[in-house]
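Enquirer: Next come a sequence and a model predicted from it.
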Amino acid sequence: MEFGVSTFVTDTGISPGALAAALEKRGFDSLFVTEHTNIPVSRRTPFPGGGELPGPYYRTFDPVVALTAAAGATERLRLGTGVALIPQRDPIVFAKEMASLDQVSGGRAVLGIGAGWNREEMRSHGTYPRTRMALMRERVLAMRELWTREQAEFHGEFVDFAPTYSWPKPLHPIPVLVGGSGPRIFDRVLDYGDGWMPLAGPLADRVAELRERAGRRVPVVVHAAAPDPKAVAELTEAGVDEIQFYLPAEPRDETLRRLDEMERLLD
């Protein structure tokens, strides 16, 4: 079992470099950071967690910038987006950003992806909520072309570009972990993903179903798990490959105290 944290990196919390260094020192395997590009003031979409939208959603750093700072402070920690909102990102620009992160980190980049839930946020990027899943698929496939081909091209309904050069290329194939838990999530994982990144919960039956459909051991990385022994035991029994503990966005001293407590669960 591998362990990481998933968190919001904000301007009011611990810096990404200090956080990453503290994780590596304590034996964690990964850091995954959340993103929201903007939160429209007039917002009708209800927060999935219920109640008011928590403060960190308004203040997230750009994930690639945060992970680049984390790369400079560490040597082995894997650096992931959890999740990058692909329907809100230009695939040519984002492919270059992720490949650049992979280069400067020595091949440690991981791309966790999602289609987003905040309809006002995605509309501010010109994305239609009803087509966001199809848009995400094409953008991921287009990025793979840009990462792997000297002359990349893509022709789809939402993404269309003629043969083009784009460097740098990643040092290694960047794993794409597809977030979500809806009825069609396994179709997406098996179509254009390398693994599944669900939220924590009862997962044993679904992990088995995914791997039976795939005919292979599809990696499962659990996002935002509670840092307690019971959750670790249940997820270990479910056969997941990595657990990301949820880490609140807090200043340095409070964060380090939480990490000291989480470290006891790594053995």
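Expert: Yes, it's here. Residues are numbered from 1 along each chain as shown.
Enquirer: Every contact and neighbour count from this point should use C-alpha atoms.
Expert: Fine.
Enquirer: Neighbouring strands of the biggest strand by length in the chain in the sheet, and parallel or not?
Expert: Among all segments of the chain classified by DSSP state E, the strand with the greatest residue count is strand 78-85. Paired neighbours of strand 78-85 in the sheet (DSSP bridges): strand 30-33 (parallel), strand 109-114 (parallel).
Enquirer: now those in a markdown table, with mean neighbour count and distance to Gln244?
Expert: Output for the strands paired with strand 78-85, formatted as a markdown table (neighbours: other Cα atoms under 10 Å; distance: least, Cα to Cα, whole Å):
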| stretch | mean neighbour count | distance to Gln244 |
| --- | --- | --- |
| strand 30-33 | 25 | 8 |
| strand 109-114 | 25 | 12 |
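Enquirer: Redo those as TSV? Include distance to Ala20 and mean pLDDT.
Expert: Output for those, formatted as TSV (distance: least, Cα to Cα, whole Å; pLDDT from 0 to 100):
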stretch	distance to Ala20	mean pLDDT
strand 30-33	7	98
strand 109-114	14	98
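Enquirer: Tell me which of the ones you listed lies nearest to Ala142.
Expert: Among these, strand 109-114 comes nearest to Ala142, with 14.1 Å by Cα to Cα.
Enquirer: Return the distance of that closest one from the chain's centre.
Expert: 4 Å (Cα atoms, centre = their mean, to the nearest Å).
Enquirer: Identify the residues contacting the helix or strand that that strand is followed by?
Expert: For strand 109-114, the following helix or strand on the C-terminal side (DSSP states H and E) is helix 119-123. Residues outside helix 119-123 that contact it (Cα atoms under 8 Å, 6 or more residues apart in numbering): 37-40, 42-45, 87-88, 116, 128-129.
Enquirer: 7 Å - rerun?
Expert: When contacts are defined by Cα atoms under 7 Å, 6 or more residues apart in numbering, helix 119-123 is touched by residues Asn38, Ile39, Pro40, Arg43, Thr45, Gln88, Pro129.
Enquirer: Can you tell me which of those residues are classed as buried?
Expert: Burial by neighbour count, 16 or more other Cα atoms under 10 Å: within those this picks out Asn38, Ile39, Gln88, Pro129.
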